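*Asks:* task: produce atomic coordinates for the following.
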Amino acid sequence: MTWKSATAASLLVGLLSAAACGGGEDSAVESFPETSVASIESGSSSPSTDPPAREVEPQGFSTVTAQITKSDGEVCQICLWLADSADERGRGLMGVTGLGEPEGMAFLFEEPVNGNFFMFQTPTPLSIAWFAEDGSMVGVADMAPCLDANSGDCPRYSPDAAYQLVVEVFEGDLPGLGLETGASVELLLGTESETCVLAG
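*Replies:* Numbers count the residues shown, from 1 in each chain. Got it, this is the predicted structure:
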């Protein structure tokens, strides 16, 4: 995921503790047989002996705990990759096919900004949510991969409002994390880490 601006960033302050949101270890995970797409498409019933493709996870990012206040007032926490420098925001989820333990990526800006996001060289469909300086949600969108050679050919996505924090997850995952209309988010001070550590 690429963003057009280049501003420095800092963490928003949050001191409350909360339970983990949907997803993570306690969520139900569907299990499928280890067969390749080729064997399914060809009608073969025998499993493939090819090793599964290795997922590409974000590299060179730390993680941070995000506290979500859902529209019904319930408070929970999730772990996100943190992109809070111009270089990190520029790389975002480009080339990524797996997130590892974090639920998505937080793009943090030093002050409210306006600008477009686009999916240049980002192979995985994503959902995006934009949040204002006070943490309130100002927009959401689903974004399709754009593997064009020219980034200028990729569609642009914007909330048409100023924002300071952006959360990207794999497409369709926002509701399960409580990130729907009326929700708010803040990143918790002091939770930046190499691995996920929820406050509490």
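*Asks:* count of residues packed around Leu99?
*Replies:* Here the number of neighbours of Leu99 (other CB atoms under 10 Å) works out to 21. Every C-beta, even on glycine, is put in place using the N, C-alpha and C of the backbone.
*Asks:* residues in contact with it?
*Replies:* Contact partners of Leu99, counting by CB atoms under 8 Å, 6 or more residues apart in numbering, are 57-58, 81, 105, 170.
*Asks:* recalculate using a threshold of 10 Å.
*Replies:* 55, 57-58, 79-81, 93, 105, 124, 168-170, 173 (CB atoms under 10 Å, 6 or more residues apart in numbering).
*Asks:* just the CA atoms of stretch 61-75, as PDB, please.
*Replies:* Taking C-alpha atoms only, stretch 61-75 is exported to PDB below (Å, rounded to 0.1, in the frame of the first residue of the first chain):
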ATOM      1  CA  PHE A  61       8.200  -2.900  10.800                       C
ATOM      2  CA  SER A  62       7.500  -2.900  14.600                       C
ATOM      3  CA  THR A  63       4.100  -3.700  16.000                       C
ATOM      4  CA  VAL A  64       1.800  -1.600  18.200                       C
ATOM      5  CA  THR A  65      -1.400  -2.200  20.200                       C
ATOM      6  CA  ALA A  66      -4.500  -0.400  18.900                       C
ATOM      7  CA  GLN A  67      -7.400   0.100  21.200                       C
ATOM      8  CA  ILE A  68     -10.800   0.000  19.500                       C
ATOM      9  CA  THR A  69     -14.000   1.400  20.900                       C
ATOM     10  CA  LYS A  70     -16.800  -0.200  19.000                       C
ATOM     11  CA  SER A  71     -20.000   1.600  18.100                       C
ATOM     12  CA  ASP A  72     -21.800  -0.100  21.000                       C
ATOM     13  CA  GLY A  73     -19.100   1.100  23.500                       C
ATOM     14  CA  GLU A  74     -17.300  -2.200  23.900                       C
ATOM     15  CA  VAL A  75     -13.500  -1.700  24.100                       C
END
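*Asks:* and it, how far from the chain's centre?
*Replies:* How far stretch 61-75 lies from its chain's middle: 12 Å, per CA atoms, centre = their mean, to the nearest Å.
*Asks:* so who does the residue lying closest to Ser71 once chain neighbours are set aside touch?
*Replies:* Nearest non-adjacent residue to Ser71, counting by CB to CB, 6 or more residues apart in numbering: Gly182, 3.1 Å away. Contacts for Gly182 (CB under 10 Å, 6+ apart) come out as 69-73, 136-137.
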